[in-house]
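Engineer: return a 3D structure for these sequence lines:
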Amino acid sequence: MNTESLIAQLRQKAEDLVKRGTDLRVETARLVEEASGPFHAATGGLTSLVKAVTEGAIAGAKHNLPADPISVLSPVIDGITDGLTKSAQAVKFTLEESAASGTRFAHEDLAKIGQDFTGLGSMISDIVTGAASALGDHAKEQASTLAAHAKQTFAAALPPLEAALHAATHHPKQLGMETVQASTGAAKHAAGVLFSELGKVLQKAGEKLGA
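Structural biologist: From the prediction side, this is the model:
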C-alpha cells in the first residue's frame with residue numbers, strides 16, 4: 001500500500017472512531033500503535049501518521065460538534081501519545097532481539113527510525129493548534145490550551161521514545177556489541193527488514209489488546 005493510501009485509510013479510521021465516541025483514548029492508542037509499523041516505512045513516517053489521525057479526529061468532531069471540542073480531542077491526543085510510546089517500546093524490543101541474535105539492521109532503517117522520533121514534541125503541538133483552529137472560533141480560542149495539553153502529555157511519554165531513539169542510533173553498540181563482535185560474520189539485515197520485524201511485534205501486541 002502506498003503512502004497516500006495509508007494516510008487516507010488511517011484518516012478514515014480516526015474519523016469513524018471519533019464519530020462512535022467510545023473509549024477514545026484506548027481506541028486511538030490502538031489505532032496509532034497498529035499503524036506505526038507501516039508508517040515507519042512510509043514517506044513522512046510518524047509525522048504523516050499523527051497528521052492523519054488528528055485530521056481524521058477533526059473531521060469526526062465536525063460531524064457532531066460538541067459544545068466543548070476539547071472534550072473530544074483531548075483523549076484523542078492522549079491516545080496518540082500512548083500509541084507512540086508503545087511503538088517506541090516495540091522498536092527498542094525489536095533492536096534488542098536483533099542484537100541478542102548477533103544480527104544488525106541496515107543503517108538506513110535505523111536512520112529512518114531516528115528521524116521519525118526526532119522533533120515529535122513540537123510537531124504534535126503545531127499540528128494540534130492548526131487542526132483545532134479548523135473547528136471554529138470556540139475551538140480556535142482553546143487551541144493553545146489543547147496544544148499545551150498535547151505537549152505536556154507527549155513530554156510524559158518522551159523517556160521511552162528517547163530510549164528507543166538512542167537504541168536505534170547507537171545499535172548495536174548499546175544493544176549487544178559484544179555479541180556482534182563475538183562473531184566476525186554477524187549477519188546484516190537488508191534494508192526494510194527492521195520495519196517488517198517491527199510490524200510483526202506491533203501486530204502481536206494489537207492482537208493481545210483485542211483478545
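Engineer: look up how far Ile80 lies from Leu95.
Structural biologist: Per C-beta to C-beta, to the nearest Å, Leu95 is found 23 Å from Ile80. Where C-beta positions appear, they are placed from N, C-alpha and C, glycine not excepted.
Engineer: out of the two, which sits in the busier spot?
Structural biologist: Between Leu95 and Ile80, counted using other C-beta atoms under 10 Å, Ile80 has the larger neighbour count: 30 against 26.
Engineer: so Arg30 makes contact with Gly83?
Structural biologist: Yes. With contacts counted by C-beta atoms under 8 Å, Arg30 reaches Gly83, the gap being 7.1 Å.
Engineer: comparing those two, which residue is more hemmed in?
Structural biologist: Neighbour tally, Arg30 and Gly83, criterion other C-beta under 10 Å: the higher count belongs to Gly83, 26 against 20.
Engineer: the more buried one - nearest residue in space that isn't next to it in sequence?
Structural biologist: Val32 (2.6 Å; C-beta to C-beta, 6 or more residues apart in numbering).
Engineer: pLDDT on stretch 88-104, on average?
Structural biologist: Taken as a whole, stretch 88-104 has a mean pLDDT of 78.
Engineer: is it correct that Ala190 falls within a strand?
Structural biologist: No. Counting by DSSP: H, G, I helix; E, B strand; the rest coil, Ala190 is not part of a strand but coil.
Engineer: gap between Ala52 and Ala106?
Structural biologist: From Ala52 to Ala106 the distance is 26 Å (C-beta to C-beta).
Engineer: should've said Phe195
Structural biologist: Distance from Phe195 to Ala106, by C-beta to C-beta: 10 Å.
Engineer: same question, Ile124
Structural biologist: From Ile124 across to Ala106, the span is 28 Å (C-beta to C-beta).
Engineer: out of these two, which sits in the more crowded spot?
Structural biologist: More neighbours surround Ile124 than the other of Ile124 and Ala106, with 24 against 15 (other C-beta under 10 Å).
Engineer: all set now, cheers.
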